[in-house]
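Enquirer: Just need the structure, nothing else, for what follows:
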Amino acid sequence: MSDARQLLGIKGGSETKSIWKLRLQLMKPITWIPLLWGVVCGAAASGHYQWRISDVLAALACMLMSGPLLCGFTQTINDYYDREIDAINEPNRPIPSGAISLTQVKLQIWTLLIAGLLVAYGLDQWAHHSTPSVFLLALGGSFVSYIYSAPPLKLKQNGWLGNYALGASYIALPWWAGQALFGQLTWITSLLTLAYSLSGLGIAVINDFKSVEGDKALGLQSLPVVFGIKKASWISAGMIDIFQLAMVFVLIGIGQHLASVILLLLIIPQITFQDIWLLRDPLEFDVKYQASAQPFLILGMLVTALAIGHSSLIQFL
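Expert: Sure, this is the predicted structure:
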């Protein structure tokens, strides 16, 4: 179990000397899941995805770009710039433990970034885009990932701005990539997914609870540091719930009443698990909460995406 936690990039995993296991740990595969799902949602929202070999392969390539490559790039560069914080919070991580050299980490950063951008370019060629929309999204997302972690901007120093940038990167960007690949990304869908990303802000706060000690020591203004653990857990729960409930009303507004009911039913167990795990003790139960509540969040995203893909009003706008 400890070995699995190590490979997935979850706190508390065992140490290893294998260079490939260390590289995988830096990429934190556990964080790829929402991006892979975001691509699926974008493809569904496009209304043009078909179950044929070419579309399936294109979707898998887009998931490879979004998850292992560009999310892997994001996580690796974050560990590179957070090595002083990790020396306090997670000293057994590959970089602060000295298990992997900074030169090797830099090589991994560049390899993942270039590979991700090349796949994005190839997807635009496959889709015959006159404007390389997938490549531009990948480039923009990579830039956000860089300024999130790297000085002088280092967006993660600001709890609100940093967490929203993270939420948008995990929800909006892969959704946009999937939708642009198979259809047309509309301004109304872009706004809706940016609003949905505020739920992602709440999820991002959960990741800050485990880093409070190091954030305090280095002056990072994460929400748990600014507001305290208890208030930050309520902020996290509120952001997750409020903006999903807002999507319920959006679905009603575009005439997708069945989807709105399904989404509401998926929000109810999330609130229940918040009461059981998140609001009780986010430091101890953060993994249990995410494991129990996250499936309902991502299923709700897919319900919303399918409803958008089948809404004539959204397509018209």
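Enquirer: use CA for all of it now, contacts and neighbours both
Expert: Noted.
Enquirer: isn't Thr74 right up against Tyr148?
Expert: No: counting by Cα atoms under 8 Å, Thr74 does not reach Tyr148; the two are 9.0 Å apart.
Enquirer: what about the two, which has more around it?
Expert: Using other Cα atoms under 10 Å, the more surrounded residue of Thr74 and Tyr148 is Thr74, with 28 against 24.
Enquirer: Against Gly67, how distant is that one?
Expert: 10 Å (Cα to Cα, to the nearest Å).
Enquirer: same thing with Leu185?
Expert: 20 Å.
Enquirer: ditto for Gln50
Expert: On the measure of Cα to Cα, Gln50 and Gly67 end up 22 Å apart.
Enquirer: If you count surrounding residues, which of those two has more?
Expert: Gly67 (29 against 12).
Enquirer: Give me the secondary structure label for Gly219.
Expert: coil (DSSP: H, G, I helix; E, B strand; the rest coil).
Enquirer: need the contact list for the closest residue to it other than its chain neighbours.
Expert: Closest residue to Gly219 apart from its sequence neighbours, by Cα to Cα, 6 or more residues apart in numbering: Gln157 at 7.9 Å. For Gln157, the contacting residues are Gly219, Leu220, Gln221, Ser222, by Cα atoms under 8 Å, 6 or more residues apart in numbering.
Enquirer: Count the neighbours of the first one for me.
Expert: It stands for Gly219. Gly219 is flanked by 10 other residues according to other Cα under 10 Å.
Enquirer: Model confidence score at it, please.
Expert: We have a pLDDT of 78 for Gly219.
Enquirer: heads up, I number from 53, so please use that
Expert: Shifting the count to begin at 53 puts that one at Gly271.
Enquirer: State the distance from Met299 to Gly252.
Expert: Met299 sits 13 Å away from Gly252, going by Cα to Cα.
Enquirer: Between these two, which is the more surrounded one?
Expert: Gly252 (27 against 21).
Enquirer: CA atoms only: put stretch 92-99 into CSV for me.
Expert: Extracted in CSV, the C-alpha atoms of stretch 92-99 (Å, rounded to 0.1, in the frame of the first residue of the first chain):
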residue,chain,number,x,y,z
VAL,A,92,-14.0,13.5,-21.7
CYS,A,93,-16.4,16.2,-20.6
GLY,A,94,-15.2,18.6,-23.3
ALA,A,95,-15.6,15.9,-26.0
ALA,A,96,-19.2,15.3,-24.7
ALA,A,97,-20.0,19.0,-24.6
SER,A,98,-18.8,19.4,-28.3
GLY,A,99,-21.8,17.3,-29.4
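Enquirer: which residues are in contact with that stretch?
Expert: Counting by Cα under 8 Å, 6+ apart, 101, 111, 226-237, 353-354, 357-362 sit against stretch 92-99.
Enquirer: What about these, which are in helices?
Expert: 111, 226-234, 353-354, 357-361 (DSSP state H).
Enquirer: What residues does Lys282 make contact with?
Expert: Taking Cα under 8 Å, 6+ apart as the criterion, Lys282 is in contact with Pro276, Leu331.
Enquirer: what's downstream of the helix or strand where it lies, the next helix or strand?
Expert: Element membership for Lys282 (DSSP states H and E) is helix 281-305. Heading C-terminal from helix 281-305, the first helix or strand you meet, by DSSP H and E, is helix 309-325.
Enquirer: what's that next one packed up against?
Expert: Helix 309-325 sits against helix 281-305, helix 334-361, with contacts defined as 3 or more Cα pairs under 8 Å, 6 or more residues apart in numbering; DSSP states H and E.
Enquirer: So which bits of it are buried?
Expert: Across helix 309-325, burial judged by 16 or more other Cα atoms under 10 Å covers His309, Ala311, Ser312, Leu315, Leu316, Leu318, Ile319, Gln322, Ile323, Phe325.
Enquirer: Could you tell me how far it lies from the centre of the chain?
Expert: Distance of helix 309-325 from its chain centroid, counting by Cα atoms, centre = their mean, to the nearest Å, is 21 Å.
Enquirer: Can you show me the CA trace of that helix as PDB?
Expert: What follows is helix 309-325, C-alpha atoms only, in PDB (Å, rounded to 0.1, in the frame of the first residue of the first chain):
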ATOM      1  CA  HIS A 309     -34.400  19.600 -16.600                       C
ATOM      2  CA  LEU A 310     -33.500  15.900 -16.300                       C
ATOM      3  CA  ALA A 311     -29.800  16.700 -16.200                       C
ATOM      4  CA  SER A 312     -30.400  19.400 -13.500                       C
ATOM      5  CA  VAL A 313     -32.200  16.800 -11.300                       C
ATOM      6  CA  ILE A 314     -29.400  14.300 -11.800                       C
ATOM      7  CA  LEU A 315     -26.700  16.900 -11.000                       C
ATOM      8  CA  LEU A 316     -28.600  17.900  -7.800                       C
ATOM      9  CA  LEU A 317     -28.800  14.300  -6.700                       C
ATOM     10  CA  LEU A 318     -25.000  14.000  -7.200                       C
ATOM     11  CA  ILE A 319     -24.400  17.100  -5.100                       C
ATOM     12  CA  ILE A 320     -26.300  15.700  -2.100                       C
ATOM     13  CA  PRO A 321     -23.800  12.900  -1.200                       C
ATOM     14  CA  GLN A 322     -20.900  15.300  -1.600                       C
ATOM     15  CA  ILE A 323     -22.400  17.500   1.100                       C
ATOM     16  CA  THR A 324     -22.900  14.400   3.200                       C
ATOM     17  CA  PHE A 325     -19.200  13.400   2.900                       C
END
